[in-house]
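Q: Kindly generate the corresponding structure for this input.
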Amino acid sequence: MKSVLITGANRSIGLETAKQLSNKGLFVYLGSRNLQKGKAVVAALNEKGFENITAIEIDVTKPDSILAAKKIIESEQGKLDILINNAGISGAMPQNALHTSIADIQEVFDTNFFGVISVTQAFLELLKKAQSPRISNITSGLGSLTLHSDPNWKYYNVKSVGYGTSKAALNAYTIVLAYDLKDLPFKVNAIDPGYTATDFNHHNGPGTIDSAVNFIIRHTLTDDDAPTGQFFSNDIDDETGVSPW
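A: Numbers count the residues shown, from 1 in each chain. Below you'll find the predicted structure:
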């Protein structure tokens, strides 16, 4: 049975991803900063018939928490097949380049960018033991420099000096990571679930959680000949879903 760790999975898109991957027969580690909240979520899922899901405490901004989670998965599984870096924060809004403080920007980067790097580096050892390891970095269309430079883009006016730039940095990291792992059977991609109505954005956005999660899973459970180092977006009106960087 393949195993997957999803950070920030106790609600919204992360939680629905955990449910759907469990239904597909994967063993799911439901990452949560607060273990008790995570356990409560899993207990509710168990009552609904979901199996092969366990809560695991992981705060992506705390190295000790990441290492402890890694040790648990290593002892229970011996490897990790899939890492979905889903944990993210938007930060206080609005965020403009003229007045948003360094502290506020850094807080967003600590989770959305540095947190992803910390978790990925910690779990690489276990991922390398998998036959077909996958790393999916959950990003946003707001991280596309190309689209943000186009006044005709429908979200052109949605600028954020913390959140948007942290996702642009995450996209850049994905490219480098995919390159550094290109000689191994990894598939590493940035996946934007689209502008989805969730708790994260106070239920704004035209997209549904089902559509968002289906898109994430489609570009995570991939074949050996699938692309790596790509940026896929559920908001792109194209069959491939490939987004400009």
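
Q: where does the protein have low pLDDT?
A: For the chain, the stretches with pLDDT under 70 are 197-206.

Q: who touches the lengthiest helix in it?
A: Looking across the chain with DSSP state H, the single longest helix is helix 163-180. With contacts defined as CB atoms under 8 Å, 6 or more residues apart in numbering, helix 163-180 is touched by 89-91, 95, 105, 108-109, 112-113, 116-117, 120, 135, 137, 139-140, 142-145, 148, 158, 186, 188-190, 228-229, 231, 245. In short, each C-beta sits where N, CA and C put it, glycine included.

Q: hmm, 6 Å instead?
A: Applying CB atoms under 6 Å, 6 or more residues apart in numbering, the external contacts of helix 163-180 come out as 90-91, 108-109, 112-113, 116, 137, 139-140, 142-143, 145, 188, 190, 228-229, 231.

Q: what about the nearest residue to residue 185 once chain neighbours are set aside, distance to residue 119?
A: Leaving aside its sequence neighbours, residue 185 sits nearest to residue 132 (CB to CB, 6 or more residues apart in numbering; 5.6 Å). In this view, residue 132 and residue 119 are 19 Å apart by CB to CB, to the nearest Å.

Q: So if I had to pick from the two, which one is more boxed in?
A: residue 119 (25 against 15; other CB atoms under 10 Å).

Q: give me every residue that touches that one.
A: So residue 119 contacts 60, 66 (CB under 6 Å, 6+ apart).

Q: Give me the buried positions along the helix or strand encompassing it.
A: Using DSSP states H and E, residue 119 sits in helix 115-127. Buried residues in helix 115-127, counted by 16 or more other CB atoms under 10 Å: 115-116, 118-120, 122-124, 126-127.

Q: Out of the residues you listed, which comes closest to residue 76?
A: Within the buried residues of helix 115-127, proximity to residue 76 (CB to CB) peaks at residue 126, which comes in at 10.8 Å.

Q: Test my guess that that closest one contacts residue 79.
A: Yes: look at residue 126 against residue 79 with CB atoms under 6 Å: they come within range, at 5.2 Å.

Q: Please report how far the residue positioned nearest the centre of the chain lies from residue 179.
A: Nearest to the geometric centre of the chain sits residue 86, at 2.5 Å (CA atoms, centre = their mean). Applying CB to CB, the value for residue 86 to residue 179 is 23 Å.

Q: Repeat that for residue 220.
A: Residue 220 is 19 Å from residue 179, by CB to CB.

Q: Between the two, which is the more surrounded one?
A: Using other CB under 10 Å as the criterion, residue 220 and residue 179 rank with residue 220 on top: 22 against 12.

Q: Look up the closest residue to the more buried one, ignoring the ones flanking it.
A: Using CB to CB, 6+ apart, the closest residue to residue 220 is residue 136 (4.6 Å).

Q: For this structure, which segments count as strands?
A: Assigned by DSSP state E, the strands in the chain fall at 3-6, 27-32, 53-57, 82-85, 134-138, 187-192, 231-233.

Q: Show residues contacting the fifth one.
A: Strand 134-138 is contacted from outside by 82-86, 116, 170, 174, 187-188, 190-191, 220, using CB under 6 Å, 6+ apart.
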